[in-house]
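Q: What shape does this take:
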Amino acid sequence: MSAPPPRYGLLVEDMAHVGVYLVDKNTQLLKVLELMDKKQISAVIIEDLDDLLHYYIISHTDIVRFLVKNRSHLDYLGLLVGGKTLMQETKAKDIMRGPIEIIQKDTPIDELIGILLKTGFKRAIVGNEKNQPIGIITTKDIIKWNSVLLPPGIPFVLSVMEMESGLVLCKHFFEQDITDGFLSILGGSISAVSGITSEILKHSGNVRLIEKDNYEIMLETAGQIAAFLVVDRSSITLRRKLQNFLRQFREKYAKELQRRKDSRGLTPVNVFNIQKMAEMFK
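A: Now for the predicted structure:
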């Protein structure tokens, strides 16, 4: 079986900084800091000439932590320690962190995000086919990619569904030319989507996203109802808005929802209206 396509359509090499600054582990920390200042970089890769299979890292944060930890040895002029400055006395190997796993350049971005979350590092070394460092990628790069390269999701349809019956209580189209027929072109009518969603939620109440070829369905559930938003792509911003919408909907129609629950769905649904609340998605 072939590997699944990257979730976001991008690979590590699409946003990595090409080129790395390698420093031997025995280099003075002062030299490391001078290099970082000269090249205007926030971190350097540390190599061990006795073990070329593993690489380490020193960042601005590591240096600051080192200085704070050794503040009792610092003077206000030269950071002196027995005639030598602390930065000269200390070697890169004394404060480097790692080893850091080398990430292949063709690794999907979503896989890299998982690795960074697991290891706690804010950077990853990018390697070539021979597992040699060729670049670096940071969480800042990923944040920039998320906010600039990926446009925010565009909502098509907002709907509230009763999970037990699968009945759509209300819906809102964000564009006047979007109709049920338009949803059919996307891959299914609003009623069909609701039915599928209802069955999925009955078997797994924690489903929050359904991916289709041309759109995605974001879901939030609470009590007897589910709110789902048909979008071109999901986003954190839309997720928060959907959560806020569902909370407001339940507060506004608490009595009506209770009546339908008590009557086993026999009360009318024309009282539910979300046109005004849908404005929060603009």
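
Q: Okay, Lys69 and Pro152: tell me how far apart.
A: In this view, Lys69 and Pro152 are 42 Å apart by C-beta to C-beta, to the nearest Å. Using the backbone N, CA and C atoms, a C-beta is placed for each residue, glycine as well.

Q: Give the residue from those two that has the larger number of neighbours.
A: Taking neighbours as other C-beta atoms under 10 Å, Lys69 and Pro152 compare with Pro152 leading, 13 against 10.

Q: how about low-confidence regions in the protein?
A: Applying pLDDT under 70 to the chain flags residues 1-9, 72-84, 146-151, 176-207, 212-213.

Q: just the helices in it please.
A: With helices called from DSSP state H, the chain shows them at 29-39, 60-69, 86-89, 92-95, 109-119, 139-144, 180-186, 190-203, 236-252, 254-262.

Q: Gln103: what's it in contact with?
A: Slight slip there: residue 103 is Ile, not Gln. Val12, Leu112, Ile115, Ala124, Ile125, Val126, Gly127, Ile137 (C-beta atoms under 8 Å, 6 or more residues apart in numbering).

Q: Now do it against Val12, distance only.
A: 6 Å.

Q: Need the residues touching each of these two.
A: Common contact partners of Ile103 and Val12 (C-beta under 8 Å, 6+ apart): Leu112, Ala124, Val126, Ile137.

Q: Next, count neighbours for Met15.
A: Met15 has 18 nearby residues by other C-beta under 10 Å.

Q: hmm, I was thinking of Leu29
A: Leu29 has 24 neighbouring residues, counting by other C-beta under 10 Å.

Q: who's in contact with the most centrally placed residue in the chain?
A: For the chain, Ile113 is the residue whose C-alpha lies nearest the centre (C-alpha atoms, centre = their mean; 7.2 Å). When contacts are counted by C-beta under 8 Å, 6+ apart, Ile113 touches Ile142.
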